[in-house]
Every structure is written in C-alpha cells, then in structure tokens.
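A.B. asks: Mind looking at a prediction? Sequence and model below.
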Amino acid sequence: MEAAASEYVLPHEIGGVIGHAVNSNTNELNALYNTGNVSAPTGTLVGGVVGNDVMWLSNAYNTGKVSGASSVGGVIGGTADDLHNVYNIGSVTAQDNQYGAISGTSDGAFNSSNLYYLNGTAPSAFAEGQDGDAHAKSIADFENLAVVLHALYSAAPEIWLNTRGQVGEPTEQLPWLQPILRGQIPTYDVHVQISGDGNGSVRSANGWMAANVDVQNGDTLYVRGGTQGAFTATCNNCSATQAAYQNTALAGTDGDYSFGPVNADATTLSIEFTKAPSEEPTG
C-alpha cells in the first residue's frame, strides 16, 4: 500500500496509510509504505505509516515529512507489539519531546528487529531520546544498506519472513530502498547479459552500488548516476572476451573494463566469452 502527499487536520491517531488499526489485538500489517508528507499541527499519535494500535507491523517504510503536536513517529505514532524490517528517511517534528524517527513513544515496540532511520531526521528513533535496537544511518550507510537488503530480497527472500506466518512463505517484497536511491542517491539500473560458449567470470568493480561481487547472467546492478561503472571479466577457458555497453564495444586492458557514464534506467551491459577452438589432430 502506498500513500501520496496529504495534509491531515484530525486530532488523534493519524497515519500516512492507516490512522487507527482496528482490532489491535489481532491485526498484522505487512508491506506498507508512505511517500507523502503527513502534517497534523494539533494531532497526537501521528505516524508516517500508521497512527496507533497495531499488533504487528513489518516491511514498512516512510519517506515523507511527519509533523504533529505530540507522539509523532516517522513510521508509527504509538507503540507496536512487534515492529520488524522498517525504516524512515523523512524528517519528524513535534511540539514537545514525544517524537522519534521510528516511533512517537519512548517504548516504540516490545519486540523489534531491523529498524533503521536516516541520521538527522529526529534526535533518536523513539521519543525522549531513546534508540532501543534501532540504528541511525548516514546517506552513505543507507547506500550500503540498500545493497545488503536488495541482495537479501533477490538471493534469500526467506530472510524477510513474517515469522508468524508459515515458514517458507515470503512476504510481499517492497521496492526495498528505491526511494532513497532515487531521491537522495541518484542511481540507475544496468542489466547484465553474459553469453558465449566459453568459460569466464565477471566481478563488479568501481562505480557499482554493489562493488566487488560476482556477477551472473541476468543480474541487475546499480550505478551512481552520471558516473562510470567498472568490472573485471576473467577468461578461464576461452580464447576471447568481448564486452559492450548499449551495443557499443568496450576496450579492456587485462580483463578490466569501464563503461558509461550511466544516465538512464534499464541499460544493458553484455559480456561474451568465446571458447578456444579445438585443435585439429595432425599426422
């Protein structure tokens, strides 16, 4: 679920997606996000995603500015029994000290894991200067975190499970940290195609959001906008390596290549390993 920019004037339990979660003793909310500003000058229990009364909230994030009178949180205004896999990068303000980058209460959540917020969005994750087990991250930290979370989503989605659900049943996958990447760290996705009858390997180098990782055919990697990406293509059992970016051949030195600058989404990097021809028997 996604919420757009909104201006709220109601006094109590206000959220970018849900204000008051009905049946708070049994509700479980998953895969919610808000990208709009939530403003309630006289409001209490104001949250970027949920206002109050939720038993379980997981895989949720907020990128909009959140403001209110008291109990104002970047993700939730009140307290959740369980809060997992959430982050906030929107600024949070209140008229008292009852506000936080994650929750507008000092408790935040009774059980929690993987809570992140952009440093400077609020003095702490929870109200009254409490951070609990949440982690403040710089923009650079979030950049690295984005790589980690994306790798978890694509390679091991079982990491991101609603543990109250059936084991092995993945939750709906959010677009992880794309709002951060798109809004504060301009990046573009590059689709990698590896082909040929030869045996070779590819490893990302400078410029990629995920540097120094093995690259497989069909992978999508991300490059900072306006910069070049670099990679190493190692020919293990082949006679030649050819590489191209957007159908333009790349010249490599000792297997090291660079391409770009990258200024658009969905571009293509192709690498082809050609097998060494077999020698004809003589005599």
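C.D. replies: Good, I have the coordinates.

A.B. asks: Could you report the distance from the nearest residue to residue 102 once chain neighbours are set aside to residue 214?
C.D. replies: Closest residue to residue 102 apart from its sequence neighbours, by C-beta to C-beta, 6 or more residues apart in numbering: residue 125 at 4.3 Å. Using the backbone N, CA and C atoms, a C-beta is placed for each residue, glycine as well. Separation of residue 125 from residue 214 (C-beta to C-beta, to the nearest Å): 35 Å.

A.B. asks: more neighbours, those two?
C.D. replies: Each of residue 125 and residue 214 has its neighbours counted (other C-beta atoms under 10 Å); residue 125 has more, 27 against 9.

A.B. asks: Just to check, the more buried one is in contact with residue 108?
C.D. replies: Yes - Residue 125 is within contact range of residue 108, at 6.6 Å (criterion: C-beta atoms under 8 Å).

A.B. asks: Name the residues contacting each of these two.
C.D. replies: Common contacts of residue 125 and residue 108 (C-beta atoms under 8 Å, 6 or more residues apart in numbering): 100, 102, 115, 132, 134.

A.B. asks: and these as TSV, adding secondary structure?
C.D. replies: TSV is the format used below for those (DSSP: H, G, I helix; E, B strand; the rest coil):
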residue	secondary structure
100	strand
102	coil
115	strand
132	coil
134	coil
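
A.B. asks: Looking at these, which one is closest to residue 245?
C.D. replies: Proximity of the shared contacts of residue 125 and residue 108 to residue 245 (C-beta to C-beta) peaks at residue 115, which lies at 38.6 Å.

A.B. asks: in this protein, which spans are helices?
C.D. replies: Applying DSSP state H to the chain gives helices spanning 139-155, 178-183.

A.B. asks: For these, which has the smallest mean pLDDT value?
C.D. replies: For the helices of the chain, mean pLDDT drops lowest on helix 178-183, to a mean of 40.

A.B. asks: circling back: which single one of the shared contacts of residue 125 and residue 108 is nearest to residue 257?
C.D. replies: Out of the shared contacts of residue 125 and residue 108, the member with the shortest distance to residue 257 (by C-beta to C-beta) is residue 115, at 39.4 Å.

A.B. asks: which residues does the closest one bridge with?
C.D. replies: Applying DSSP bridges to residue 115 yields these beta-bridge partners: residue 86.

A.B. asks: shouldn't it be in contact with residue 82?
C.D. replies: No - applying C-beta under 8 Å, one finds residue 115 not in contact with residue 82, separated by 11.5 Å.

A.B. asks: list the residues that contact both of the two?
C.D. replies: Joint contacts of residue 115 and residue 82 (C-beta under 8 Å, 6+ apart) are residue 109.

A.B. asks: Give me the more crowded residue out of these two.
C.D. replies: Each of residue 115 and residue 82 has its neighbours counted (other C-beta under 10 Å); residue 115 has more, 24 against 18.

A.B. asks: Tell me the confidence at the more buried one?
C.D. replies: 87.

A.B. asks: what sits against it?
C.D. replies: Neighbouring residues of residue 115 by C-beta under 8 Å, 6+ apart: 83, 86, 87, 102, 108, 109, 125, 132, 133, 134, 135.

A.B. asks: all strands of the stretch 101-250 of the chain, in order?
C.D. replies: Remark: strands assigned in the stretch 101-250 of the chain by DSSP state E, counting those that start in this stretch are 109-118, 135-137, 187-195, 199-204, 214-215, 220-224, 229-237, 240-245, 248-249.
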